[in-house]
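Q: The following block contains a protein sequence and its predicted model.
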Amino acid sequence: MAYSIPPSVKVVTTPQGDFLLAERPLRLLKLNRPLLDLVRRGMQEPVTPVTKAESHVLEVLVSRGFAERNVAGASAPATLPFVSIVIPVKDRAEELGRCLNSLSRLRYPKEKLEIIVVDDGSTDNTPEVAKTFGAFLFESGGVGKGPASARNRGSMAARGEILAFIDSDCIASPEWLEELVGLFDDPEVAAVGGLVDGMHTSSFLDRYEVVMSSLTLGNRERSGQQGDDTFYVPSCNLLVRSAAFRTAAGFDPELHVGEDVDLSWRLRDTGHKIIYVPQGKVGHEHRNAFLPFLKRRFQYGTSEGMLQLLHPGRHKKMVVPPVLAVALILTIAALTAVNLVCAITALLLMTVDAYLARRRLAGLGLLIGWGTVFKARLRAMGSLAYYIGFHIIRYYLTPLVIASLFFPRFGFAVCAIAVSVGIVDYSVRSPRLSFLPFFFYYIAEQFAYGAGVFWGCLKLKRFSSYRMALLKHIEPIM
């Protein structure tokens, strides 16, 4: 595994010591001499750690956004693990053929690869397609038992050190395994998720799903180990150590949606690390008809109640720095009531906040421009506004719209929140369609997902998944 320091990260030397500095978002890390030497090496060329301590430090830098990992070609061909690819399928002969054809082009040693297809009671010629491509074919033991049960059946027959799960309506890039298996060089890593891309881009909905599908985790690496956050990796592009998978008893066969979330959390609960990297691409055939799209979002929403029941210690969190929260409230009041006093007070509060932040930096010998610090604090307030707004429309859009029918002025606020959040996601995700069709699908998705959450909680008579933990952001510097 090799690591490098991106050009946007700089080393700053002051009388108080050496610091690693990144500006977007503005963050800082003090360096001791060994870490400084390691960082300087990473700025010149990719660094391969030679000790466990170096590996741990570099992983911390990656998690904090100060370093990047180079996963491709991390392992020599002779040391590559044996991989068992497991594909659950039911009545998808054409899709399975397309998937298996893509796997035949993998850049991975054939002698270290096996493909297992688990048929969940198909009535078409799915079994014949599997045999045509030379895959090992197994029966799930029933009809429509679900992908979780089928994956478990396939893993029981697998010989691989690594289990690679892909769905029948997906196609793998030639580099799929090659770019992901190197992450298992870290013995703490139990599961790795790769990039899920859209297979089609012809319709507006196709292009919306390319950037907004819940299977698409974005272009930033993420990882999770201990902790009670909700990070997980999707099962349509998932590699897992077979030993860790079996110790965790595999997927929960009772779950027909959210089973990948449950497995990810159980692996983390036992001390394992899971990682997502925007590499090892798999193309997924998203639902590109409107009603199936809504149905799937509704189904995803229904999983929240059951997942909260299975994992009561995990819940949504939102960091709400008090100063930024007050400034945001004043800003909203100024915009909605056209109140100059609120606007001036918010500006003064942000100015004082930026002044104190810059003063703390100056105390460390870091002379960062006033404008840079002030813009960083404004971006932080904007991020807070986005996350609050997104949570509101994700879970409460339907009751808010109903309330707006009785209180029209309240409806303007709801529209403003929805449009503002939609604009942020449109700008960040950069879909290949104009804003209006994007926003149409965006709002439809929030309605469907929110309705699914409510329905799932109502069936269980438990609404704890709506609980939100509000945390103060204890920022050491910025």
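A: Nice, I can see it.
Q: And the contacts of the helix or strand where L38 lies?
A: Following DSSP states H and E, one finds L38 within helix 33-44. Contacting residues not belonging to helix 33-44 are listed as 3-5, 11, 18, 20, 31, 47, 54, 57-58, 61, 66-67 [C-beta atoms under 8 Å, 6 or more residues apart in numbering]. Glycine gets a C-beta too; all of them are placed from N, C-alpha and C.
Q: what would these look like in CSV with neighbour count, pLDDT and secondary structure?
A: Output for the contacts of helix 33-44, formatted as CSV (neighbours: other C-beta atoms under 10 Å; pLDDT from 0 to 100; DSSP: H, G, I helix; E, B strand; the rest coil):
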residue, neighbour count, pLDDT, secondary structure
Y3, 23, 86, strand
S4, 18, 88, strand
I5, 24, 88, coil
V11, 14, 89, strand
D18, 17, 86, strand
L20, 21, 87, strand
L31, 18, 87, strand
V47, 21, 85, strand
E54, 17, 82, helix
V57, 18, 86, helix
L58, 25, 85, helix
L61, 22, 88, helix
F66, 21, 89, coil
A67, 24, 87, coil
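Q: one step back: and the helix holding L38, how far from the chain's centre?
A: 29 Å (C-alpha atoms, centre = their mean, to the nearest Å).
Q: List the buried residues in it.
A: Using 16 or more other C-beta atoms under 10 Å as the test for burial, helix 33-44 gives 35-36, 38-39, 41-43.
Q: I'd like to know which of those is nearest to N125.
A: Nearest to N125 out of the buried residues of helix 33-44 is G42 (C-beta to C-beta; 52.8 Å).
Q: Would you mind stating the distance between the closest one and T51?
A: Applying C-beta to C-beta, to the nearest Å, the value for G42 to T51 is 15 Å.
Q: do the same with L58
A: Shown here: L58 relative to T51, a distance of 11 Å by C-beta to C-beta.
Q: Helices along the stretch 301-450 of the chain, start to end?
A: For the stretch 301-450 of the chain, the helices defined by DSSP state H, counting those that start in this stretch cover 322-337, 340-363, 370-406, 408-429, 435-460.
Q: Generate TSV for those helices, with distance to L137 and mean pLDDT as supplementary columns.
A: Below are those laid out as TSV (distance: least, C-beta to C-beta, whole Å; pLDDT from 0 to 100):
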stretch	distance to L137	mean pLDDT
helix 322-337	57	92
helix 340-363	61	92
helix 370-406	41	93
helix 408-429	39	93
helix 435-460	34	97
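Q: which one of those lies closest to H286?
A: Proximity to H286 (C-beta to C-beta) singles out helix 435-460 among the helices of the stretch 301-450 of the chain, at 11.4 Å.
Q: helices and strands around that closest one, which ones?
A: Applying 3 or more C-beta pairs under 8 Å, 6 or more residues apart in numbering; DSSP states H and E, one finds that helix 435-460 makes contact with helix 204-212, helix 290-310, helix 370-406, helix 408-429.
Q: Check those for me and report the most buried one.
A: Among those, helix 204-212 has the highest mean neighbour count (mean count of other C-beta atoms under 10 Å), at a mean of 21.
Q: how far off helix 290-310 does that helix point, in degrees?
A: 30 degrees (axes from the mean of the first three to the mean of the last three C-alpha atoms, to 10 degrees).
Q: Show the backbone phi and psi for N237.
A: phi -150, psi 80 (degrees, to the nearest 10).
Q: Which residue comes closest to it once chain neighbours are left out?
A: Nearest non-adjacent residue to N237, counting by C-beta to C-beta, 6 or more residues apart in numbering: V282, 4.1 Å away.
Q: Roughly how far does the residue positioned nearest the centre of the chain sit from L400?
A: Centroid check for the chain by C-alpha atoms, centre = their mean gives L217 as the closest residue, at 3.6 Å. Taking C-beta to C-beta as the measure, L217 falls 28 Å from L400.
Q: cool, V277 as well?
A: In terms of C-beta to C-beta, V277 sits 37 Å off from L400.
Q: What's opposite A2 in the beta bridge?
A: N70 (DSSP bridges).
Q: State the number of residues packed around it.
A: Look at A2: counted by other C-beta atoms under 10 Å, it has 18 neighbours.
Q: So what's the predicted local confidence for the residue nearest to N237?
A: For V282, the pLDDT comes out at 97.
Q: Give me the neighbour count for it.
A: V282 has 24 neighbours, counted by other C-beta under 10 Å.
Q: I'd guessed it sits against S235; true?
A: No. Proximity of V282 to S235 does not meet the contact threshold set by C-beta atoms under 8 Å, at 11.0 Å.
Q: then the helix holding L38 to PDB, C-alphas only?
A: Extracted in PDB, the C-alpha atoms of helix 33-44 (Å, rounded to 0.1, in the frame of the first residue of the first chain):
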ATOM      1  CA  ARG A  33      10.000  15.100  13.800                       C
ATOM      2  CA  PRO A  34       9.300  11.500  12.600                       C
ATOM      3  CA  LEU A  35       5.900  12.500  11.200                       C
ATOM      4  CA  LEU A  36       7.400  15.500   9.500                       C
ATOM      5  CA  ASP A  37      10.000  13.400   7.800                       C
ATOM      6  CA  LEU A  38       7.300  10.900   6.700                       C
ATOM      7  CA  VAL A  39       5.100  13.700   5.300                       C
ATOM      8  CA  ARG A  40       8.000  15.200   3.400                       C
ATOM      9  CA  ARG A  41       8.700  11.900   1.800                       C
ATOM     10  CA  GLY A  42       5.000  11.600   0.800                       C
ATOM     11  CA  MET A  43       5.200  15.000  -0.800                       C
ATOM     12  CA  GLN A  44       8.000  13.900  -3.100                       C
END
